[in-house]
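1. structure of the sequence below:
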Amino acid sequence: MVLKGLAFNDGELSVLLTDDRHIAELNMQYLGRKGPTNVLAFPMSSLSACNSQEGGPPQDIESKMMGDIVISVDRAAWESKHLREPLDETIYRLLIHGLLHLLNYDHERSPQDAMRMEKEERRLQKLIADI
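-> Here you go, the predicted model:
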């Protein structure tokens, strides 16, 4: 439903639900950031760009694979408790957040980008709530 709401009728995602220890390792390995986080997103387009410089597939290969989203269930459970929202809603929210990162939304670029991303998150959360 969310992918259709973003006009990605044939998009594919890889989603990993893991714990704080594993997501902290990924956070350090790929982003150089210490400690766990709630969600990480790895766009396939960036991986293709990196691989093409090293003799891998060229950047213009069409793929339905949008990328990988990693969610810490430990963090999600903590947020769920503190935000007083059901755990499944927290996980959906984090999944949407990661998906928007795959689509180049970035709340850290500017306050305007953060507002744009937040607005899109709310729109997509309504799609799930209406199911």
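2. tell me the contacts of the residue most central in space within the chain?
-> Nearest to the geometric centre of the chain sits residue 98, at 1.3 Å (CA atoms, centre = their mean). Neighbour list for residue 98: 39-41, 69-71 [criterion: CB atoms under 8 Å, 6 or more residues apart in numbering]. The C-beta positions use only the backbone N, C-alpha and C, and glycine is treated the same way.
3. okay, and it sits in which element?
-> Following DSSP states H and E, one finds residue 98 within helix 87-102.
4. residues of that helix that come out buried?
-> Neighbour counts using 16 or more other CB atoms under 10 Å place 90-102 of helix 87-102 among the buried residues.
5. hey, C-alpha coordinates of that helix in PDB?
-> The C-alpha trace of helix 87-102 is given here as PDB (Å, rounded to 0.1, in the frame of the first residue of the first chain):
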ATOM      1  CA  LEU A  87       4.500  -1.700  18.500                       C
ATOM      2  CA  ASP A  88       3.200  -2.500  15.100                       C
ATOM      3  CA  GLU A  89       2.500   1.300  14.500                       C
ATOM      4  CA  THR A  90       6.000   2.100  15.600                       C
ATOM      5  CA  ILE A  91       7.500  -0.400  13.200                       C
ATOM      6  CA  TYR A  92       5.300   0.800  10.300                       C
ATOM      7  CA  ARG A  93       6.400   4.400  11.100                       C
ATOM      8  CA  LEU A  94      10.100   3.400  11.100                       C
ATOM      9  CA  LEU A  95       9.600   1.400   7.900                       C
ATOM     10  CA  ILE A  96       8.000   4.500   6.200                       C
ATOM     11  CA  HIS A  97      10.900   6.600   7.500                       C
ATOM     12  CA  GLY A  98      13.500   4.300   6.100                       C
ATOM     13  CA  LEU A  99      11.600   4.000   2.800                       C
ATOM     14  CA  LEU A 100      11.600   7.800   2.400                       C
ATOM     15  CA  HIS A 101      15.300   7.800   3.000                       C
ATOM     16  CA  LEU A 102      15.600   5.300   0.100                       C
END
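6. before we move on, the earlier item: so which of the contacts of residue 98 are in strands?
-> Among those, DSSP state E puts 39-41, 69-71 in strands.
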